[in-house]
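1. this one's structure only:
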Ligand code: HEM
C-alpha cells in the first residue's frame, strides 16, 4: 500500500484499498487529480468537479464499451438494449422507452408491497438476539422489489435471488471474469414468454407492448432478445447496489448512535439520512469510460482509446465541494455522484431511495439500537461495488 512518501497507488482490484479507500482517495484528489495506473493502463479522476464534468461529457468519455475497466478493455460487442453501455442516439431511444415506466409515481405505487415484504423479513427477529443486515434483509428486499416491478409472481422469485450478485464477485486483487452472457443472461426468459401470454400492468407488459421508432427509423416493438437484455440490465443495476445501501445503513448508523436515535424519534429525517448515506458510502464508487478523442487534462494529453475511471466515491468526499466531507451528517443537504450524472443518471434512483427509506423505517420501528458483531462482519470481495457480504448485529 502507498505510504505518504511513495507516489499514490490506486486500482479498483486492490482488496486492501477497497477495505479502507478514503486515505487513497484523498491522496488521489490532492496529489494526482489526473492519475495514471501503469499496471492496468487506465487514467483516473477523483475531484468532484472533474468527475461531474467528465461523466456529463458522454461524447468524449463514452459508455459504449462499458463502464468497468476490464469490460472496456475486453472490447465486447454489446447487445442492443444495454442502455448503461450505449451513447446517443441509440441510448436516447432505449432510455426513452424505459423512462416511461420508471416514474416516481410508479415507484411509489410499490411502497406498500415493499413495506409488507420488509415486515416479513424483520418480524421473525423481534425478540431474538439479532439478525444479519445482508442475509436477512439486504439480500432479500432489492431482488424482490425488482420482481414486483417486473410483475414476477412471488412463487417464481426465489429462483432469481442469487443470480446477479454472484456475477459481480471477484477474487482478491483480480478483475471480474467477463463473459458476453453478463449482458444477455437468460434467467428471465420463461417469465418473459409467460407474461407475453398473460399481460398485466407491470414493466414487463409495457416492454412487450411498447411501440417505438428505432435508430433506423423503423416503427416496431422490442424483440424478445431485447426485452431480456433490458430486464437483465435492470436486475443487474438495481440489485447489488441496493443490497449495499441496506448494509451501509446497518454499519454507519451503528457508528453514529446519536443520529440513529434522532431518526428513531423523527422518521421524517430518514430520506435525508439515506441521501447522506449514499454520499458517504456509495455502493458503486467508480464509473469507467472509453476516451473517444485526445483530451487535455491537467496539462497532460489523455490519448483517444484510453480507459478512464471517474472515482465518484472519492468525489463525494472532496473538501473542495463539501464541508467536513468525512463527517456523516444526516442534516447535510447537497448533491452526490452516487447515482451518476447526465444522460446515464440512474433510472432506478427513485426506487432505490424508496427501498432505503422503507427498510430504515421498518428497522428502526422494531430495533432502535443495534451493535455490529465486528468479529463476524465481512466486506464483499468485488472490484465494482462496495459493501458488506455479511453484517450480523445484536439487538439487545
Ligand atoms: C442505491 C442503489 C443504486 C445505485 C448506487 C445505482 C447507481 C447507478 C449509477 C452510478 C448509474 C450510472 C452508471 C454510469 O454512468 O456508468 C446507474 C444507472 C442505472 N441504474 Fe442504478 N443504481 C442503484 C439502483 C438502481 C435500481 C434499484 C435500478 C432499477 C431497478 C437501477 C437501474 C439503473 C439503470 C437501468 C441504469 C442505466 C441508466 C442509463 O444508462 O441511462 N439502479 N445506476
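-> Noted; the coordinates are in hand. All values reported here derive from a predicted model rather than from experimental measurement. Numbering: from 1, shown residues only.
2. I'd like to know how many residues surround the closest residue to the ligand within the stretch 201-350 of the chain.
-> Residue of the stretch 201-350 of the chain nearest the ligand, by CB to the nearest ligand atom: residue 348 (2.0 Å). For the C-beta atoms, the positions are set from N, CA and C on the backbone; glycine is no exception. By the criterion of other CB atoms under 10 Å, residue 348 has 23 neighbours.
3. please apply the same query to residue 111.
-> Neighbour count of residue 111, defined by other CB under 10 Å: 13.
4. tell me how many other residues surround the residue lying closest to residue 348 once chain neighbours are set aside.
-> Closest residue to residue 348 apart from its sequence neighbours, by CB to CB, 6 or more residues apart in numbering: residue 238 at 4.6 Å. Applying other CB under 10 Å, we find 22 residues neighbouring residue 238.
5. how about the residue of the stretch 201-350 of the chain closest to the ligand, phi and psi?
-> Main-chain torsions, residue 348, degrees, to the nearest 10: phi -90, psi 10.
6. again, but for the one 4 residues further on
-> Main-chain dihedrals, residue 352, degrees, to the nearest 10: phi -60, psi -40.
7. looking at this, residue 288 is in a strand?
-> Yes: under DSSP: H, G, I helix; E, B strand; the rest coil, residue 288 sits within a strand.
8. contacting residues for it?
-> Applying CB atoms under 8 Å, 6 or more residues apart in numbering, we find residue 288 in contact with 42, 66-69, 71-72, 307-310.
9. export the residues you listed to JSON lines and tack on neighbour count?
-> Listed next are the contacts of residue 288 as JSON lines, based on neighbours: other CB atoms under 10 Å:
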{"residue": "42", "neighbour count": "22"}
{"residue": "66", "neighbour count": "25"}
{"residue": "67", "neighbour count": "23"}
{"residue": "68", "neighbour count": "23"}
{"residue": "69", "neighbour count": "25"}
{"residue": "71", "neighbour count": "22"}
{"residue": "72", "neighbour count": "24"}
{"residue": "307", "neighbour count": "24"}
{"residue": "308", "neighbour count": "24"}
{"residue": "309", "neighbour count": "28"}
{"residue": "310", "neighbour count": "28"}
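10. quick one: which of those residues sit in helices?
-> Among these, DSSP state H puts 69, 71-72 in helices.
11. quick one on the thing from earlier: widest-spaced pair of the contacts of residue 288?
-> Within those, 71 and 310 form the most distant pair, 14.9 Å apart (CB to CB).
12. ok, the residue nearest the centre of the chain to residue 65 distance?
-> The centroid of the chain falls nearest to residue 241 when counting by CA atoms, centre = their mean (3.5 Å). Counting by CB to CB, to the nearest Å, the gap from residue 241 to residue 65 is 21 Å.
13. skipping adjacent residues, who's closest to the residue nearest to the centre of the chain in space?
-> Looking at residue 241 with CB to CB, 6+ apart, the closest residue is residue 283, at 4.4 Å.
14. over to residue 388?
-> Using CB to CB, 6+ apart, the closest residue to residue 388 is residue 247 (3.7 Å).
15. the residue of the stretch 201-350 of the chain closest to the ligand and residue 388, how far apart?
-> Between residue 348 and residue 388 the distance, using CB to CB, works out to 20 Å.
16. now swap in residue 369 and tell me
-> On the measure of CB to CB, residue 369 and residue 388 end up 19 Å apart.
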